[in-house]
Every structure is written in C-alpha cells, then in structure tokens.
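Trainee: The following block contains a protein sequence and its predicted model.
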Amino acid sequence: MAYLEPIQSCALAPVESRANKSDLRVDIFVPDVTANASAQMFLDLFQAANDLLTGTRYRVTLRTLSTPVNEDPRQWQRRTVIFLGNLQSRWVSRPDQRNRLASILRLSPRSMMIGGAVFLMRDAGMNHDVNLAIHPNFTAAAQEEGLLADASTTVREGRINSASSGFAALPLIVDLIGEDHGPYIGKTLSAYLGLSDGRQSPQSREFVSLRHRSRGDRLIDVALKMMQEHIEEPLQIRELASTLGVSTRKLERRFQEKTGSTPLTVYRQLRIERAHQLISQTDLTNSEIAVATGFGSRANLAHWFRKQYGTGPTEARTRMFQRPALTG
C-alpha cells in the first residue's frame with residue numbers, strides 16, 4: 001500500500017493508519033504552486049510495487065518544501081527523496097527553504113531531480129557537483145546557472161539521480177526499486193507496468209506476484225502461462241503436469257517449494273482474480289462470469305470469491321460502483 005501524508009487538502013491515495021517499521025521511506029516533493037495530482041503517476045508506481053512485494057514495502061509521503069516537519073533531520077539519511085518538477089517552468093525555492101533543501105540533499109542517500117527541479121541544485125549550492133539530465137526546454141537557463149548538463153534523458157551519479165521529465169523518470173525509479181529488492185522484481189515490475197519491451201504481454205498482478213515468489217522458476221513460469229491460457233476451461237492438474245512433461249507429484253512439490261501453495265490453489269487464485277476483473281470492469285452477469293472463469297455456477301463462484309476477498313461478487317460490484325472519486 002502506498003502511504004500519503006496529505007499536503008493542504010490533498011487526497012491522492014489511500015492512507016494506512018499503521019506503518020511497518022521496516023518500510024522504505026520515499027518523500028516526493030512538489031512545488032508549492034503545483035497541483036498535487038502531478039504526483040499521482042509516481043504514487044501509482046510505488047503502489048504497484050507494493051502490490052507485488054511480500055516483505056518490506058514503500059511508505060510514500062507527498063510534501064512541499066513548506067510542509068512542517070517535526071522530525072530529527074537525520075531521518076533523511078534513511079530516505080529516498082524525489083523532487084518532481086514540470087517541463088513548463090524552473091523550480092525556484094524561496095530563501096527560507098534553501099537551508100532545509102541543502103540539508104535534505106546532503107543527508108539523503110538517494111535523491112532524484114526531475115524536470116525543472118534540476119535548478120534546485122543551484123539553490124542548494126550543488127550546481128557544480130554532479131552531471132544532470134536536463135530537458136531541452138531548460139538548456140539555455142541551465143548553462144547560465146552553471147549546471148552540468150548531460151545529453152541523456154536520465155543520469156545516475158553517486159547519490160543524485162536526475163531525469164529530464166516525469167515520464168523519463170519512471171524506468172529510473174523502477175531500477176532503484178530493483179536495487180532495493182533485487183533485479184528480478186525490477187524486471188517484473190517493469191513488465192507489469194508495460195515499461196519493458198512492448199512485445200511482451202503485460203501480466204496480471206496475481207501472475208506477477210506468483211512469478212516473483214517462485215524467483216522465475218522455469219517450470220512454474222510455463223505452468224502459470226498455461227493456467228492463464230485455460231481460465232475458461234481449466235485443465236486438471238494431472239493434465240497440466242502431463243503437458244509439461246513432469247509427474248503430478250513433481251509439479252505439486254515444485255509449487256509448494258517455490259510458492260508455498262499447491263498448483264490447484266494457485267490455479268484457483270488466477271481464476272478468482274479474473275472473475276474480480278470481470279466483476280469490476282464489465283456488466284457481465286455473475287452466471288456469465290462463473291462460466292468465463294471455469295467455476296460453472298454462480299454458487300461455486302460466490303463460494304470461492306468470498307473466501308478470497310471476504311465478500312460476495314454482487315457486494316463487490318456494488319461497492320465498486322459506489323466508490324467515491326478522488327479529489328485533488
């Protein structure tokens with residue numbers, strides 16, 4: 001779950017009341033005059049990462065440099081800090097914000113300057129320290145300010161990372177998440193978000209989570225793909241094993257060792273997830289969804305759906321369409 005400490009009256013993402021002490025802290029700073037919704041893309045990215053992770057997660061806080069902080073400054077030594085600028089204007093900090101800005105940048109082990117936020121390096125007295133990815137919109141002004149411009153859209157140099165735009169920053173942030181949790185989760189997250197090779201088909205959250213838990217085990221990977229290809233008419237586990245060229249016992253043992261679940265349980269989870277997608281995204285009846293996901297009857301679908309989500313399909317659909325819109 002992504003966390004958000006709202007600035008002013010912002011309500012961009014769900015707030016979780018109790019934070020895990022092992023959470024990795026990420027602070028996203030936006031200019032005082034910027035609409036808070038500009039950070040939604042990044043909140044969504046960290047939310048997607050949290051959806052896939054089974055252990056340590058990210059606690060994301062949205063701030064401005066004017067947001068009061070009642071914390072020991074040394075707390076920044078354990079945080080990733082992202083300064084999210086736009087492509088229309090340079091970010092200029094006020095004189096009363098600059099000591100705090102310099103302190104954050106010097107203490108944080110990992111910072112990222114995006115778009116017009118690169119000019120904060122000058123405000124912090126660090127404009128001669130690192131090369132920066134600077135968008136062409138700012139090239140002339142950057143030269144006048146003595147910033148060290150790099151022709152790349154992203155630059156990683158020591159503790160300071162930079163991206164010429166928010167879109168260019170997405171793969172860079174995925175790389176940083178890969179550093180925190182291993183290259184496999186980085187690649188998996190990239191595929192889940194559609195940031196990797198466009199020829200690869202995006203996969204569902206449950207599928208990606210299972211692949212991550214199995215650490216890319218080849219047998220499980222192929223089995224999962226076959227399961228997804230046979231959602232409407234599920235294969236018997238013995239049929240699945242035979243097609244894969246292994247015994248049923250070997251397949252069950254591999255799933256238990258790598259995912260902590262049996263192939264039958266995993267297969268059912270994928271089908272329930274598909275049912276949830278159809279319930280929330282289509283107007284198909286419960287009977288039609290039961291057939292489309294291999295459960296056969298509404299009663300059977302409702303039974304397993306309730307065990308997975310704690311509510312029935314009808315209640316889930318009603319709640320989905322009653323969900324209030326987020327405001328910025």
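Mentor: Thanks, I have it.
Trainee: Outside of the host helix or strand of Leu45 itself, list whatever touches it.
Mentor: Leu45 belongs to helix 40-52 when assigned by DSSP states H and E. Identification of contacts with helix 40-52 by C-beta atoms under 8 Å, 6 or more residues apart in numbering yields 1-2, 4, 12-13, 26, 28, 57-58, 60, 62, 82, 84, 166, 169-170, 173-174, 177, 185, 188-189, 192-193, 205, 208-209, 212. C-beta coordinates here come from the backbone N, C-alpha and C atoms, glycine included.
Trainee: can you do 7 Å?
Mentor: Here helix 40-52 makes contact (C-beta atoms under 7 Å, 6 or more residues apart in numbering) with 1-2, 4, 12-13, 26, 28, 57-58, 60, 82, 84, 166, 170, 173, 177, 185, 188-189, 192-193, 205, 208-209, 212.
Trainee: Kindly report the same for stretch 281-291.
Mentor: Here stretch 281-291 has contacts from 275, 278-279, 296-298, 300-301, 313-314, using C-beta under 7 Å, 6+ apart.
Trainee: mind listing the helices in the protein by residue range?
Mentor: 40-52, 98-107, 120-123, 139-145, 166-181, 183-193, 205-213, 218-229, 237-244, 248-259, 263-281, 286-292, 298-309, 313-322 (DSSP state H).
Trainee: For Thr67, which of those is the nearest?
Mentor: helix 98-107 (10.0 Å; C-beta to C-beta).
Trainee: from the middle of its chain, how far away would the closest one be?
Mentor: Centroid separation for helix 98-107 versus its chain: 27 Å, with C-alpha atoms, centre = their mean, to the nearest Å.
Trainee: And stretch 293-302, by the same measure?
Mentor: On C-alpha atoms, centre = their mean, the centre of stretch 293-302 falls 31 Å from that of its chain.
Trainee: Equivalent analysis for stretch 296-306, please.
Mentor: That offset, for stretch 296-306, works out to 31 Å (C-alpha atoms, centre = their mean).
Trainee: Would you mark the buried spots in it?
Mentor: 298, 301-302, 304-305 (16 or more other C-beta atoms under 10 Å).
Trainee: next one: stretch 26-38
Mentor: 26-31, 34, 36, 38.
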